[in-house]
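Q: show me the folded form of this:
(chains A, B, C and D)
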Amino acid sequence: MSESELLSAPAPTAMNYEIRPKPAGTSDAEVGGELLEVAMGPHHPSTHGVFRMDVVLDGEQVVKLKPVFGYLHRNHEKIAENTTYLASMPYTDRLDYLCSMTNNWAYALSVERLTGLIPPERAEYIRVITAELTRLVNHTCLIGFLLQDMGALGTPLMYAFRQRELILDLFESLSGSRMMCNYMRFGGCRADLPAGWLEQAAQVVGGYGQFLDEFQALISENEILVARSQGVGVLPAELAINSSITGPMLRASGVNFDLRKADRYGIYDRFPFRVPLGDHGDVYDRYMIRLLEMRESVKILEQALREIPAGPIIDPKAKIRGFRPKAGEAYGRIECPKGELGFYLISDGSPNPYRYRVRPPSLINLTVLEDMCLGQTVADAVIILGSVDIVLGEVDR
Amino acid sequence: MLGEGIIKGMAETARNFLGSYHDAARLTTVEFPEDKIPAKESARNFPFLVHDGEDAMQGLRCVACQICEKECPPKCIFIIKDTNKKPDYVGKLQFQPKVFDIDVSVCMSCQICVEVCPFDAIKMDTDFELGGSDRFGGLLLNKRRLAKPNSYYHTIHPTEAAEVDGRLAAEKAKVEAKAKADAEAKAKAAAAAAAAKAAAQTTPPVVASTPAAVVTPAK
Amino acid sequence: METLEQIQARLTAEFPAARLERVANESAAGQPSLVVDHAHGQAIARWLRDDPALRLDYCSNVTGVDWLPLETSTKTRVKKVVDGVEKEVEETVKSVRPGYLEAVYHLYSMSLRHGPVILRLRTADRAVGAPVPSLTPVWRGAEFQEREIYDLFGIVFEGHPDLRRLLMWEGYQDHPMRKDYAEPDDYEYEPTPHDEVLEKAGKHAAAEVRP
Amino acid sequence: MDEGLRNELSKQGVFTTKLTDLYNWGRKNSVWPLQFGLACCAIEMIAASMARYDLARFGAEVFRPSPRQADLMIVAGTVTKKMAPQVVRLYNQMPEPKYVIAMGACAISGGPFKQGYNVLKGVDRFIPVDIHIPGCPPRPEALIHAFMLLQQKIAAQTFTGAGRPRFLDPAGPSEFPVPEFGAHDLVPPNNPAIWRAPKVQRAES
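A: Predicted structure coming up:
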């Protein structure tokens, strides 16, 4: 494709964007010279925490990439096996520290599977509301960070964090803490909504559409963004499925799999929402999927805030102290903003779980990092990593 | 046209910049030490111990039952129970903690101690300005530093504090009613026994049956 | 989806030599699982993935479990000759189930949206380096998770393309998720010592003892 | 010059200052932190530099990715044993004068994760810490509060005398030994030159 063709191609829009092939003649296959080995991380401004990639470069091109983990391995599973079921709840907040509410829900759901506790209707609604708010927070921040990695320093991240604060205010007045909510309990939620919370939430959710519009106008059609992200880091659907990729990354590759639809956990079958799918599985698709998912979340939120019933918020059979599930095991999973977050618990009838395992979507989504980066430039490796959406607390646990 | 997207983005930035002059939603900075965001009612940071009455050490609601110590996930509470009971602020004998330390350099602000406390003795504070250069002395809070009056609790968590006060008052009324009822029943029984004794001396014995007063305290 | 019994029946028909054992699950979740022998592990996994009725194309979760030796005592009444007289005596028979390590695979189907089918691979004993076959050639999603199990439990996955430690550093010798792991002793300053922490701290400094 | 004379002069429009004060004033208002996030607290650190809390008001918004350009290391998050050598190395690479804020429970003492086998029980086992901020995570305001404490500390530093800071003392070390990975733990598990486990003082009453 010549340069003039590139220039005359229609500008991509939110719903109808197309992939542009890289201009011919830019192949850098026959670059000579020695290979260069670079350790990117664990201290690197674009690795989203203490993540390390050992990259082998031929010129600027990545020929090998091995992720190195463990720089934030905090032994969550070992600690959880030495403590009670309830005491692990605040630790789950610190797994994926941007999304404490969904972590809480996944853990509570698994314990409910294990014991048969049933959260009441109102608690289910609160869970949906908080989980979708969490999705908004996570995707908003991720987009800010991703654009920061691409070189859009400051502004998008600043706008994203301005919006994040509004939701964190909601979380704080609900649970008492901005980030580490520790809000859900086995069989329900810890505290009822404070007075005026629903109205405040409706206001924030109502304003979110405008924020997304502005954000999209700000950057989604930006030519630099388009040039840097389209056709970069392509992930084919078969590889994605075989590598257990989940979440927006899988859907960007065009696989229609969302646990909110597939498992219908909680009360998600009451909400009509669409699952946005990508066509190309590149970085731009992954960016766009998150924007579109936020719009669906706003829809779910609007409905949930409208329909939430009055009533109790916790199963009367639930116990705070002396909680001992009978022996057995359970695996529960939910669609957290990064993918499938699962908890696998084995109980031997004691107050502590015998085995406590977190299925971390961030870690497993990195399985294909090397495949996506091979043949790309090292600068692209940074944004490919950014588009995977990892949080190190969950990768290393 | 190439560059249209960039121009659009620039326009958006400009709109935001100009908007920050008249729209509060676009000018979100809170100049912290001078202005503070008012603490939310449910906000939590570190625990404190509620005391009633004037003397903080005497009025502690904590009875050193050590439940919070056991349930604390990061195990940052350390309690040594006093060996003998001491009078509390109304003069009732009560176990009290000899040592009650919270290591806030470990505390994860999870609020589980508050949830498990059966005596409403430990609550969450909203104060966050605890930073300092002294790690070992400054961050291990002893019970003198932890004790704060109930009125303070009312100022930071008004709704919750009112609820707790109501519950405590109801419990107290229940206990008092029960004590009163017990005392009455005892007195009646004693009177009946005395009457029966007196009666037994003169007339053939009559079984005096005085059912214990049944009291259903108001909730 | 078929029940695990039906799947097991079909598997036995397909792999007559395979040793399969169903593990019941008493919890409310009711997710039973299937223990698969080493020789047929990969073949069964591949069959489960490709079978048109199951299509378990998605290996969601892989985890290790350390099962310590379990001592069970059962009381039985036996007839015995005591002092020349035949008596019925209650006798306690102690049996020790040897410990083993286990890799648990949770399989789902993305295309048919069902699951889970839970596979378990067991090692012969709890020795470090006890082998089980790797299922990474079947599902690549197991790659990092099997490395993590190798790191934290010490199970060796035979056939894994890149079996290195995942979380701990090279040269680390312990397998910390095992139940008998002993931590390094670094609780010098412990202002709130209790229970197990107290024990650890006590080894180090003359920590205060609770009266 | 005594305080009274200086006040008198300033009333006349003559402003005087000491060289120390001028120097410290410049330093304290342009503390450049290292862009260095470890865990959860890093998100709150970013939030502190964003629109609502605006750390730029204190001259500290210039987060440098390179330790060579940074004055302040905000240890924001859990320092694991695997990460500890890198943290020490980064600290060693920073030019003097340099300061460390231990942000959050994990950085101070290992926090909620201190029972973990891979968690360093406090970053002060290897590098000296100036300000500790408790909290899990501390609010952005708490970080700003700690930052102001650090500014006070900088403002009070003198050029000479016994109380002079480490960087002006030729005998004071600027670099600390980097621990190595051992078979079971870091070797050594702490730096005895800066870390001495104290005896707990309990106040009874």
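
Q: could you identify the helix or strand that succeeds the longest strand that chain B contains?
A: Counting by DSSP state E, the longest strand found in chain B is strand B:97-103. Where DSSP states H and E defines the elements, the next helix or strand beyond strand B:97-103 is helix B:112-116.

Q: helices or strands next to that next one in the packing?
A: When contacts are defined as 3 or more CB pairs under 8 Å, 6 or more residues apart in numbering or on different chains; DSSP states H and E, helix B:112-116 packs onto helix B:67-71, strand B:122-124. No exception for glycine: its C-beta is placed from N, CA and C like everyone else's.

Q: which one of those has the lowest average pLDDT?
A: Here the lowest mean pLDDT among these goes to helix B:67-71, at a mean of 86.

Q: is it positioned near chain C?
A: Yes - using CB under 8 Å from any CB of the partner chain, we find that helix B:67-71 touches chain C at residue B:69.

Q: got the contact list for the longest strand of chain B?
A: B:46-47, B:49, B:60, B:62, B:64, B:76-83, B:139-143, B:146, C:191-192, D:109, D:202-204 (CB atoms under 8 Å, 6 or more residues apart in numbering or on different chains).

Q: and the stretch 1-150 of chain A, which of its residues are near chain C?
A: A:69, A:70, A:73, A:75, A:77, A:78, A:82, A:112, A:113, A:114, A:115, A:116.

Q: so the fourth one versus chain B, what's the distance?
A: Per CB to the nearest CB, to the nearest Å, residue A:75 is found 13 Å from chain B.

Q: grab the nearest non-local neighbour of that residue.
A: residue D:116 (3.1 Å; CB to CB, 6 or more residues apart in numbering or on different chains).

Q: related to what we said a few turns ago, neighbouring strands - and their directions - for the longest strand of chain B?
A: In the sheet containing strand B:97-103, its partner strands are strand B:77-81 (antiparallel), strand B:140-141 (antiparallel), by DSSP bridges.

Q: centre of the chain to that strand, how far?
A: Its chain's C-alpha centre and that of strand B:97-103 lie 16 Å apart, by CA atoms, centre = their mean, to the nearest Å.

Q: could I get the average pLDDT for it?
A: Taken as a whole, strand B:97-103 has a mean pLDDT of 86.

Q: now do the contacts for residue 156.
A: Let's take chain A. Residue A:156 makes contacts with A:143, A:144, A:147, A:148, A:215, A:218, A:219, as judged by CB under 8 Å, 6+ apart.

Q: ah, no, chain B please
A: Per CB under 8 Å, 6+ apart, neighbours of residue B:156: B:39, B:41, B:43, B:125, B:126.

Q: same check on residue C:127?
A: Applying CB under 8 Å, 6+ apart to residue C:127 gives no contacts.

Q: just checking, it is part of a strand?
A: No - per DSSP: H, G, I helix; E, B strand; the rest coil, residue C:127 lies outside any strand segment and is coil.

Q: burial measure for the nearest residue to residue A:53 once chain neighbours are set aside, as a count.
A: Spatially, and ignoring its direct neighbours in sequence, residue A:53 is nearest to residue A:40 (4.6 Å; CB to CB, 6+ apart). A count of nearby residues for residue A:40, using other CB atoms under 10 Å in any protein chain shown, gives 20.

Q: need phi/psi at residue A:40.
A: Note on residue A:40: backbone dihedrals following degrees, to the nearest 10 are phi -90, psi 110.

Q: near chain C, which residues of chain B?
A: Contact residues, chain B versus chain C (CB under 8 Å from any CB): B:69, B:75-78, B:80, B:83, B:101-103, B:106, B:136, B:140.

Q: again with the stretch 201-350 of chain A
A: Proximity of the stretch 201-350 of chain A to chain C, by CB under 8 Å from any CB, involves residues A:239, A:241-245, A:255, A:257, A:262, A:325-333, A:340, A:342, A:344, A:346-347.

Q: just the buried ones from those residues?
A: A:239, A:241-245, A:255, A:257, A:262, A:325, A:328-333, A:340, A:342, A:344, A:346-347 (16 or more other CB atoms under 10 Å in any protein chain shown).

Q: next step: the residues you listed restricted to helices.
A: A:239, A:241, A:242, A:262 (DSSP state H).

Q: so where's the stretch 101-250 of chain A uncertain?
A: Scanning the stretch 101-250 of chain A for pLDDT under 70 picks out no residues.

Q: quick one on the thing from earlier: whichever of the contacts of strand B:97-103 end up buried, select them in PyMOL.
A: Listed next is the PyMOL selection for buried residues among the contacts of strand B:97-103, using 16+ other CB under 10 Å:
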select buried, (chain B and resi 46+47+49+60+62+64+76+77+78+79+80+81+139+140+141+142+143+146) or (chain C and resi 191+192) or (chain D and resi 109)
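
Q: where does the stretch 151-300 of chain A get nearest to chain D, residue-wise?
A: Residue nearest to chain D within the stretch 151-300 of chain A: residue A:161 (3.9 Å; CB to the nearest CB).

Q: does that residue count as helix, strand or coil?
A: Three-state call for residue A:161 (three-state DSSP): helix.

Q: what's the burial count for the closest residue to it other than its chain neighbours?
A: Nearest residue to residue A:161, sequence neighbours excluded (CB to CB, 6+ apart): residue D:50, at 3.9 Å. Neighbours of residue D:50 under the rule other CB under 10 Å: 25.

Q: so what's residue D:50 up against?
A: By CB under 8 Å, 6+ apart, residue D:50 lies in contact with A:157, A:158, A:161, A:162, A:165.

Q: mark which of those are buried, thanks.
A: A:157, A:158, A:161, A:162, A:165.

Q: which among these gets closest to residue A:395?
A: Taking CB to CB as the measure, residue A:157 is the one of the buried ones among the contacts of residue D:50 closest to residue A:395, at 21.1 Å.

Q: isn't that closest one up against residue A:148?
A: Yes - under the criterion of CB atoms under 8 Å, residue A:157 makes contact with residue A:148 at 5.1 Å.

Q: where along the chain do the strands fall?
A: Since you didn't name a chain, this refers to chain A. Along chain A, the segments classed as strands by DSSP E run A:36-40, A:52-58, A:61-68, A:184-185, A:188-189, A:328-336, A:339-347, A:353-359.

Q: let's do chain C instead
A: C:20-23, C:33-36, C:58-67, C:70-82, C:85-97, C:100-109, C:114-122, C:131-133, C:156-158.

Q: would you reformat these as a markdown table and include distance to residue A:321?
A: Shown next, in a markdown table, are the strands of chain C (distance: least, CB to CB, whole Å):
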| stretch | distance to residue A:321 |
| --- | --- |
| strand C:20-23 | 31 |
| strand C:33-36 | 31 |
| strand C:58-67 | 27 |
| strand C:70-82 | 28 |
| strand C:85-97 | 32 |
| strand C:100-109 | 30 |
| strand C:114-122 | 31 |
| strand C:131-133 | 39 |
| strand C:156-158 | 41 |
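
Q: wait, which of the ones you listed is closest to chain B?
A: With CB to the nearest CB as the criterion, chain B lies closest to strand C:58-67 of the strands of chain C, at 22.5 Å.

Q: does the closest one come close to chain A?
A: Yes - using CB under 8 Å from any CB, we find that strand C:58-67 touches chain A at C:58, C:59, C:60, C:61, C:63, C:65, C:66.
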